Every structure is written in C-alpha cells, then in structure tokens.
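>>> generate coordinates for the sequence data below:
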Amino acid sequence: MIDDDPDVGRLITFALARAGFETAVAHSAAEALLEIGRTPPTIIVLDVGLPDVSGVDVCRQLRNDRELYDIGILMLTALAGRDDRIAGFEAGADDYVAKPFDVDEIVLRVKALARRISEHESAKRERAEPEHRLVRCGALTIDPVTHEVRGDGRLLSLRPFEYKLLATLVAEPGRVFRREELLRTVWGIERGNARNVDTHMRRLRANLGEYARHIETVQGFGYRTRP
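Numbering: from 1, shown residues only. Coordinates of the predicted model:
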C-alpha cells in the first residue's frame, strides 16, 4: 500500500490483512520504490496523489522495469474523471478505484487481481502439452495453457486482465457480453463502475493493434468478437 494518508493506509491494510493478505505501507514514492526493489510485492494499492512523485509516474516506472513489470497495480485516487482513469490505465494500472471508496470493494478488487495474477503465473510455469488446443479468432491465436496471444504468429503483450477479457469474448464468438457481465466474469466482482470495462477495452484494443478489428462494440449493449 502506497498512500501518504496514514488513516487511509491503516484502513486498507487492516481490511486486506483481515482478508488474508500480508501487507505493508509506504507513505512516499521514494520509500515505496526502495522497499519494492528489496522485496517486490505481488500487488500494490497505489495512491495517485503522493507528496514527492505522482502515483501515475510510479506506475509507469514499475512497468518500464522488466524485473517489476508483473506486479499488479490498483490505482487509488480522488480524481474520478474519464481522462484521469485513462491516464492511470495507459501508465499500466490493472484497476482503478476513485475516492471516496468502499473498502470492501477494494478488497474484492485486490482478490480478483490476485486471482488473475495467480492464474497467469501458473500458466507460465505449466509445460504445454504437444497436443493442447489453441483458440483462434481470425488472425489471433490464444493459448489457454501459456496465456500467450499471437497475431499472425507474432507475440502480443497483454496484461492479465486484458488476456482474461479477450479470452472471455473469444470463448463464445458472436455473443454480446454486457459490461456488468464482464465485471463479474473477468474481475469477479458484482458491483463497480461498469464504465471501467470500456477503459480496459480501450487498452486491450491498443495492445492488439490491427487485430482489434476482431472485437466489436454493440452500441447500448456491450462487446463481442466476430462470429
């Protein structure tokens, strides 16, 4: 947890510890980066408004470090505008919660992120069987064992939630998934800002590049992959 407000730090770490997570708090970017370099965490709850360096810049710095790239990052901020969310996601955040927050929602989102990271790491360690089946969607190839996504054979870089979002859509071509349904399936939460799905979809499409053409927006309903 990185937040310069001691009360917020105590509240969130207490709730996460009660949910079974081992927690630690840093109150500045400098303090946090020093500790992260020593003992990289699995997930960081990162406040945007830090006293020394913006949380967005901290997030960007972690994503540019190959040794720390896989850390899950949940951004926490008083700025709830669309542009602010997009800035956080474009810096590499996995999820985003605006203040004032519901601490139970933060715990649920951290659990969902931990689950996605665990699945991703298990897939990376698992040895692919020679005959395991790949999932195809046009020029895209999705490997459900290694969680690798390729476009015309070229490996694409996706974050765990982006992979899960794509895999969910591709699993049922042509079916329209509502945003609320994607929140439940991909993030494992029953409540939250469904518009965050749009922001994640925007980043997924950006990382897919030309292969984003396989995903369609169904206005007023949700998203689907081409049948």
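
>>> tell me the pLDDT of residue 191.
Note for residue 191: predicted pLDDT of 69.

>>> ignore what I typed, I meant residue 227.
Value for residue 227, per-residue pLDDT: 72.

>>> so residue 33 touches residue 61, yeah?
Yes: in this structure residue 33 lies within contact range of residue 61 using CB atoms under 8 Å: 7.3 Å. Where you see a C-beta, it was placed from the backbone N, CA and C, and this is true even at glycine.

>>> buried stuff in the helix or strand in which residue 61 is found?
Assigned by DSSP states H and E, residue 61 falls within helix 55-63. Of all the residues in helix 55-63, those buried under the rule 16 or more other CB atoms under 10 Å are 55-56, 58-63.

>>> other residues contacting the following helix or strand past it?
Using DSSP H and E, the helix or strand that follows helix 55-63 in sequence is strand 72-77. Contact partners of strand 72-77, identified using CB atoms under 8 Å, 6 or more residues apart in numbering, comprise 3, 8, 42-49, 55-56, 59, 62, 84, 88, 92-99, 101, 106, 109-110, 113-114, 116-117, 160.

>>> could you rerun that using 6 Å?
43-48, 59, 88, 93-97, 109, 113, 117 (CB atoms under 6 Å, 6 or more residues apart in numbering).

>>> what's the farthest-apart pair in those?
48 and 117 (21.5 Å; CB to CB).

>>> out of the two, which sits in the busier spot?
Set residue 48 next to residue 117 and count neighbours by other CB atoms under 10 Å: residue 48 wins out with 25 against 19.

>>> ok now the helix holding residue 61, how far from the chain's centre?
14 Å (CA atoms, centre = their mean, to the nearest Å).

>>> what does the most centrally placed residue in the chain show for phi and psi?
Taking CA atoms, centre = their mean as the criterion, residue 94 is the residue nearest the geometric centre of the chain, at 2.5 Å. With angles defined as degrees, to the nearest 10, residue 94 sits at phi -90, psi -30.

>>> so who does it touch?
72-73, 113, 161.

>>> quick check: buried residues in stretch 64-82?
For stretch 64-82, by 16+ other CB under 10 Å, it's 68, 70-77, 79.

>>> same check, this time on stretch 206-214
207-208, 211-212, 214.

>>> redo the residues you listed as a markdown table? Include pLDDT.
Below are the buried residues of stretch 206-214 laid out as a markdown table (pLDDT from 0 to 100):
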| residue | pLDDT |
| --- | --- |
| 207 | 92 |
| 208 | 95 |
| 211 | 94 |
| 212 | 94 |
| 214 | 93 |
